[in-house]
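Provided below are the primary sequence and the corresponding predicted coordinates.
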Amino acid sequence: MRSVFIPRRRPAFTLIELLVVIAIIAVLIGLLLPAVQKVREAAARTSCTNNLKQIGLAAHAYHDANQFLPPGQIRNEWLTWCVLIMPYIEQSAQYAKFDITKRYSEQPGAVGSPQDPCPYNIKTYFCPGRRGTDAGFSVNDVPGGTGPTFPARPGGLGDYAHCQGSNNNNGAMRNTDLGSIKSVLADGTPYTTTDFAANAPAGVRVLSFKGFTTLTTIEDGTSNTILIGEKHVRPNSRDGKNEDRSIYSGNNGNNWSRNAGVNITDAGVEQIFRIVPGETDQNTTPDNNASFGGPHANVCMFVFADGSVKGLNKSISPGTISGGKLFPGPLHYLAVRNDGVAINASDF
């Protein structure tokens, strides 16, 4: 008689065994997630460091070619350093689409057309710890002066800003030397009004200009002076509004320039420009929209005037103001090019 083989059934998991397995998997995931997050943060910080290194080298290349550092802006309403250094960050084709003699609002090509150079995001200008080039474009870039009106012109965004020092004038990078500007009206007639940025008629072109600073005017030493760093963007302004409008447009300085340290304006307004500690910091402190800050834990990344990239602790003191007197902190001294105090950024 043939025997019939009956396979032995493998017992199924009991409910308790299944729960134990799930619990073990959950523990392993819990242990792995922080490690994965740390790896991502390290990668983002490395990429951000590389971006700033490229930007710093581009500023040096611009200086070599022109004998002055790129100005923050050619003039109010005209183009910014973010356009001027494009040929030095492998963006010559995009740079060629701009006309640096013209206002941002009067750039070639109809707004939104394929010939419009403004709505274009450059990867080098974005910190991957915050966002990428899919962030969109600005939504309300229009001149703020008393001159002619133009329609809004959307433009590229970015996460880096040059340092104007503590008072817009004492940083490594400043705006153009007004006395160097040569401009003409649309018909070619010389236009010499020194404050033309606020009321220039349509069609004015800037034929030549000169930046205000050079590497030799950084008296405290290039390794001790901030050039460009990560800018804080308030959450409600992200992706196209307020201080996060186009970095190519000189209409609003907070988009492409920031301050650091302490200052009292001519009107007596006390200003403290810090490194904002968190990405969620909206309006808890005045001047957040004019200060530095980034998405990395504990540090904000900067390229210094010698081309080196360093992370400054977000707790670094900008200084204090008491009784109408300034008491600068280390951040102030690193931001100002000629305060006579050369401190080592690596200590902070």
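That came through, no problem.

can you pull out the helices in the stretch 151-300 of the chain?
Ranges of helices in the stretch 151-300 of the chain, per DSSP state H, counting those that start in this stretch: none exist.

Can you show me the strands along it?
Secondary structure of the stretch 151-300 of the chain by DSSP state E, counting those that start in this stretch: the strands cover 160-163, 182-184, 190-191, 205-208, 226-230, 257-258, 261-264, 270-273, 299-304.

closest one to residue 108 among those?
strand 205-208 (12.3 Å; C-beta to C-beta). Glycine gets a C-beta too; all of them are placed from N, C-alpha and C.

Report the buried residues of the closest one.
Buried positions in strand 205-208, judged by neighbour count with 16 or more other C-beta atoms under 10 Å: 205, 206.

Counting by contacts, list what it packs against.
strand 182-184 (3 or more C-beta pairs under 8 Å, 6 or more residues apart in numbering; DSSP states H and E).

which outside residues touch the strand it packs on?
The contact list for strand 182-184, computed with C-beta atoms under 8 Å, 6 or more residues apart in numbering, reads 190, 191, 192, 196, 200, 204, 205, 206, 207, 208, 209.

One more: stretch 110-127?
Contacts of stretch 110-127 (C-beta under 8 Å, 6+ apart): 44, 47-48, 51, 54-55, 82, 86, 89, 91, 94, 97-98, 104, 107-109, 132-135, 137, 151-160, 230, 246-249, 294-295, 301.

and the residue nearest to residue 223 when sequence neighbours are not counted, what does it touch?
Leaving aside its chain neighbours, residue 223 sits nearest to residue 306 (4.4 Å; criterion: C-beta to C-beta, 6 or more residues apart in numbering). Shown in contact with residue 306 (C-beta under 8 Å, 6+ apart): 221, 222, 223.

Next, count neighbours for the last one.
Going back to what we said before, that points to residue 223. When neighbours are defined as other C-beta atoms under 10 Å, residue 223 has 16 of them.

still on that earlier bit, which of the contacts of strand 182-184 sit farthest apart?
Greatest spacing in those, by C-beta to C-beta: 200 and 208 (15.9 Å).

ok so, going back, is it possible to export the contacts of strand 182-184 to JSON lines including distance to residue 238 and pLDDT?
Putting the contacts of strand 182-184 into JSON lines (distance: C-beta to C-beta, whole Å; pLDDT from 0 to 100) gives the following:
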{"residue": "190", "distance to residue 238": "43", "pLDDT": "91"}
{"residue": "191", "distance to residue 238": "38", "pLDDT": "88"}
{"residue": "192", "distance to residue 238": "41", "pLDDT": "80"}
{"residue": "196", "distance to residue 238": "33", "pLDDT": "63"}
{"residue": "200", "distance to residue 238": "32", "pLDDT": "83"}
{"residue": "204", "distance to residue 238": "33", "pLDDT": "91"}
{"residue": "205", "distance to residue 238": "34", "pLDDT": "93"}
{"residue": "206", "distance to residue 238": "32", "pLDDT": "93"}
{"residue": "207", "distance to residue 238": "37", "pLDDT": "93"}
{"residue": "208", "distance to residue 238": "37", "pLDDT": "92"}
{"residue": "209", "distance to residue 238": "32", "pLDDT": "92"}
